[in-house]
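Chemist: no FASTA, just this:
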């Protein structure tokens with residue numbers, strides 16, 4: 001087949017070629033993911049490990065629950081300057097892993113810096129809350145021991 005025969009073939013079959021090209025373009029457009037068709041989200045995860053030498057045991061499942069309820073989200077909203085605890089807790093999850101004695105705090109945000117800042121703030125506030133609980137328990141034990149010593153003197 002020489003060059004002129006190819007040209008004649010294209011002239012005779014041009015409707016088939018056009019329909020095939022158009023079908024390919026439509027299929028490509030319909031299945032393309034598209035740039036910016038959905039919002040980009042960033043996730044940041046902080047992993048907290050339980051101290052195995054701690055005198056008081058930490059209930060990891062309860063600590064994970066405290067991360068997204070109670071005073072921790074309120075403290076995070078105050079520290080990050082958010083409008084409410086609900087705004088702070090939106091997109092935040094905490095899961096306890098009993099096998100590794102750890103808690104994973106994950107924050108999902110539209111900005112990577114905000115995701116990192118949010119997960120770190122939740123981790124810091126959870127540690128502060130648990131430390132405050134430990135300190136209160138320690139103070140109660142000291143008060144009870146002091147009362148026993150005073151009774152026996």
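Modeler: Ah, there it is. Since the model is a prediction, treat every value here as computed from it, not as a measurement.
Chemist: where do the helices sit along the protein?
Modeler: Assigned by DSSP state H, the helices in the chain fall at 3-12, 14-31, 60-68, 71-80, 85-89, 112-151.
Chemist: Take the ones you listed and write them to TSV, including mean pLDDT, mean neighbour count and distance to residue 95.
Modeler: No exception for glycine: its C-beta is placed from N, CA and C like everyone else's. Output for these, formatted as TSV (pLDDT from 0 to 100; neighbours: other C-beta atoms under 10 Å; distance: least, C-beta to C-beta, whole Å):
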stretch	mean pLDDT	mean neighbour count	distance to residue 95
helix 3-12	86	9	63
helix 14-31	91	10	36
helix 60-68	89	18	6
helix 71-80	90	19	15
helix 85-89	90	18	15
helix 112-151	82	14	13
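Chemist: Turn those helices into a markdown table, columns for distance to residue 96.
Modeler: A markdown table is the format used below for the helices of the chain (distance: least, C-beta to C-beta, whole Å):
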| stretch | distance to residue 96 |
| --- | --- |
| helix 3-12 | 68 |
| helix 14-31 | 41 |
| helix 60-68 | 4 |
| helix 71-80 | 14 |
| helix 85-89 | 17 |
| helix 112-151 | 12 |
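Chemist: Residue 40 is nearest to which of these?
Modeler: Nearest of the helices of the chain to residue 40, taken as C-beta to C-beta: helix 112-151 at 9.5 Å.
Chemist: the inter-axis angle of the closest one versus helix 71-80?
Modeler: 130 degrees (axes from the mean of the first three to the mean of the last three C-alpha atoms, to 10 degrees).
Chemist: Next, the angle helix 60-68 makes with helix 112-151.
Modeler: 120 degrees.
Chemist: Quick check: the gap between residue 71 and residue 121.
Modeler: 13 Å (C-beta to C-beta, to the nearest Å).
Chemist: Next, the contact list for the residue lying closest to residue 85 once chain neighbours are set aside, please.
Modeler: Nearest residue to residue 85, sequence neighbours excluded (C-beta to C-beta, 6 or more residues apart in numbering): residue 73, at 3.9 Å. For residue 73, the contacting residues are 85, 86, 88, 89, 92, 122, by C-beta atoms under 8 Å, 6 or more residues apart in numbering.
Chemist: Tell me the one of these nearest residue 66?
Modeler: Distance to residue 66 across those (C-beta to C-beta) is lowest for residue 122, with 10.2 Å.
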